[in-house]
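Chemist: A predicted structure for the sequence below; I have some questions about it.
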Amino acid sequence: MPIAAQLEYRLIGPQPSDAPCIVLLHEGLGSVGLWGDFPDKLQQATGAAVFAYSRAGYGASSPVSLPRPLDYMQREACEVLPELLDRIGLQRGLLIGHSDGASIAAIYAGSHADHRLDGIVLIAPHVVVEDVSVSSIAAIKTAYETTELRAKLGRWHKDVDNAFYGWNGAWLDPAFRAWDITDALAYIRVPVAVIQGIDDQYGTIRQVEIIQEECYCPVELTMLPKTGHSPHREAPDATLRVIADFAAATLPASLSGT
């Protein structure tokens, strides 16, 4: 399916057609802006191009029709992301995903034999639905409707209700309990780095264990103490070190000879 939406994006560094590129895939309530200065620090630490975009329904990108289909992450990975990578001229690179974005990165890597992909970094990934995830997502719905959370999120999303209820409604749908992407893991053929906060309120170590059990490719795991669901915000220096080391080990120094 072609990309029908207008997508907000930000590119730091050289063009993806001219240098190795890191593509950032945001969380379920994320956007280009919510990455903060992490993309800039990532570009400085790696020397690679860094491309961040807001998926449809987020940030300043086009809104989506609600409710979202329960396979919205699979659709993003299999229909939108392939065309986006082609359009930006990706030659070689990494996918770095956070939360929903990590799930999208894993689905893409497991469903596409993309010779341009040198590895994936999964930050606080979800591969199955856990009770703790649903409980926390139910609690944030209450907070969104009764506190200043809606106004705070409104700084980052042109249509904040579209962003919030698109994500929240899917995860709280009883049928979403069956969501499971473990089948894709066995087909990943590039190195994987997983960064997980020990105090993640949206998922347990079981998510990581499943990745380690199902992946045949190398999996590097970093568990960060005193860190919740957003390691790149809560432990940015440690997260950057892990990614910079992974990028140095997996990305080509340049595109010469490719």
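Modeler: Now that the structure is in, tell me what you want to look at. Residues are numbered from 1 along each chain as shown.
Chemist: Now do the contacts for Ile107.
Modeler: 73-74, 77-78, 181, 184 (C-beta atoms under 8 Å, 6 or more residues apart in numbering). C-beta here means a position set from N, CA and C on the backbone, and glycine is covered the same way.
Chemist: And it, how close does it get to Ala138?
Modeler: Here the distance between Ile107 and Ala138 works out to 25 Å (C-beta to C-beta, to the nearest Å).
Chemist: Contacts only, for Gly93.
Modeler: Taking C-beta under 8 Å, 6+ apart as the contact definition, Gly93 lies against 16, 20-23, 48-49, 116-118, 251.
Chemist: and which of those residues is nearest Gly154?
Modeler: Closest approach to Gly154 among those (C-beta to C-beta): Val23, at 26.2 Å.
Chemist: How about residues contacting the host helix or strand of the closest one?
Modeler: Val23 is part of strand 21-25, with elements assigned from DSSP states H and E. Taking C-beta under 8 Å, 6+ apart as the criterion, the residues outside strand 21-25 that touch it are 35, 39, 42-43, 46, 48-53, 55, 81, 85, 88, 90-98, 100-102, 104-105, 247.
Chemist: In PyMOL, how would I select just the buried ones from those residues?
Modeler: The buried residues among those can be selected in PyMOL (16 or more other C-beta atoms under 10 Å) with this line:
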select buried, resi 35+39+42+43+46+48+49+50+51+52+53+55+81+85+88+90+91+92+93+94+95+96+97+98+100+101+102+104+105+247
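Chemist: Go through the contacts of strand 21-25 and flag which are in strands.
Modeler: Among these, the members found in strands (DSSP state E) are 49-53, 93-98.
Chemist: Any chance of a markdown table for those residues, columns pLDDT and distance to Ala238?
Modeler: Listed next are the ones in strands among the contacts of strand 21-25 as a markdown table, based on pLDDT from 0 to 100; distance: C-beta to C-beta, whole Å:
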| residue | pLDDT | distance to Ala238 |
| --- | --- | --- |
| Ala49 | 97 | 23 |
| Val50 | 98 | 19 |
| Phe51 | 98 | 23 |
| Ala52 | 98 | 20 |
| Tyr53 | 98 | 25 |
| Gly93 | 98 | 23 |
| Leu94 | 98 | 18 |
| Leu95 | 98 | 20 |
| Ile96 | 98 | 15 |
| Gly97 | 98 | 18 |
| His98 | 98 | 15 |
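Chemist: from these, which two are the most distant?
Modeler: Greatest spatial distance in those: Ala49 and His98, 18.7 Å, computed using C-beta to C-beta.
Chemist: list the helices and strands the host helix or strand of Arg241 packs on?
Modeler: Secondary structure from DSSP H and E places Arg241 in helix 236-250. Secondary structure elements in contact with helix 236-250, counted by 3 or more C-beta pairs under 8 Å, 6 or more residues apart in numbering; DSSP states H and E, are helix 38-46, strand 93-98, strand 117-123, strand 192-197, strand 219-224, helix 231-234.
Chemist: want to try CSV for those, with distance to Val160 as columns?
Modeler: What follows is the helices and strands packed on helix 236-250, written out as CSV (distance: least, C-beta to C-beta, whole Å):
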stretch, distance to Val160
helix 38-46, 21
strand 93-98, 19
strand 117-123, 23
strand 192-197, 25
strand 219-224, 29
helix 231-234, 19
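Chemist: residue contacts, Ile188?
Modeler: Shown in contact with Ile188 (C-beta under 8 Å, 6+ apart): 106, 109-110, 120, 215-217.
Chemist: Cool, thanks, talk later.
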